[in-house]
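Engineer: Take a look and give me a structure for this.
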Amino acid sequence: NNDDKMILPDAFQNANILEIRLDATLASCYGLCRFLIYDITTGAKNVPGWQMSDFIMLGGAFSSCIVLSMVWSLVGIYTGVFKVRYSDEYNLMNTVLTAA
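Structural biologist: So this is what the prediction gives:
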């Protein structure tokens, strides 16, 4: 039986994809803003413009954003934060557990 091999088959089927996409976008924006703030606060560069080290740091920021978005989404799916709801009732405890 292939259903037994999936860890969370019902959770993935009941997930609201739009909410997952919005939360993943927000998590990625957080990571990119953190990179921008770090780049601004490090002071003036010796040589103006983009250098190879800047591209490496930006690549690290993008990969960090991807990992953060994936982990946030998987934990949210697992805890049921992204379940399709037909009312305005939200379980605040699941949101707090996802953020922890």
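
Engineer: and the most centrally placed residue in the chain, what does it touch?
Structural biologist: Ranked by distance to the mean C-alpha position of the chain (C-alpha atoms, centre = their mean), the top residue is residue 69 at 1.9 Å. Residues in contact with residue 69 (C-beta atoms under 8 Å, 6 or more residues apart in numbering) are 23, 24, 25, 27, 28. Any C-beta I mention is one placed from the backbone N, CA and C, and that applies to glycine too.

Engineer: what's the closest of those to residue 65?
Structural biologist: residue 28 (4.1 Å; C-beta to C-beta).

Engineer: thought that closest one was touching residue 68?
Structural biologist: Yes: with contact defined as C-beta atoms under 8 Å, residue 28 and residue 68 form a contacting pair (7.3 Å).

Engineer: hmm, back to that, out of the contacts of residue 69, which end up buried?
Structural biologist: With burial judged by 16 or more other C-beta atoms under 10 Å, the buried subset of the contacts of residue 69 is 23, 24, 27, 28.

Engineer: sorry, back to before: return the member of the contacts of residue 69 nearest to residue 83.
Structural biologist: residue 23 (13.2 Å).

Engineer: Name the helix or strand for that closest one, please.
Structural biologist: Secondary structure from DSSP states H and E places residue 23 in helix 17-41.

Engineer: Can you give the contact residues for that helix?
Structural biologist: Counting contacts by C-beta under 8 Å, 6+ apart, the residues touching helix 17-41 from outside are 54, 57-58, 61-62, 64-66, 68-70, 72-73, 76-77, 81-82.

Engineer: Buried subset of these as a PyMOL selection?
Structural biologist: The following PyMOL line selects those of these that are buried, judged by 16+ other C-beta under 10 Å:
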select buried, resi 61+65+68+69+72+73+76+77+81+82
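
Engineer: Show me which helix or strand of the chain is least confident by mean pLDDT.
Structural biologist: helix 92-99 (a mean of 63; mean pLDDT, DSSP states H and E).
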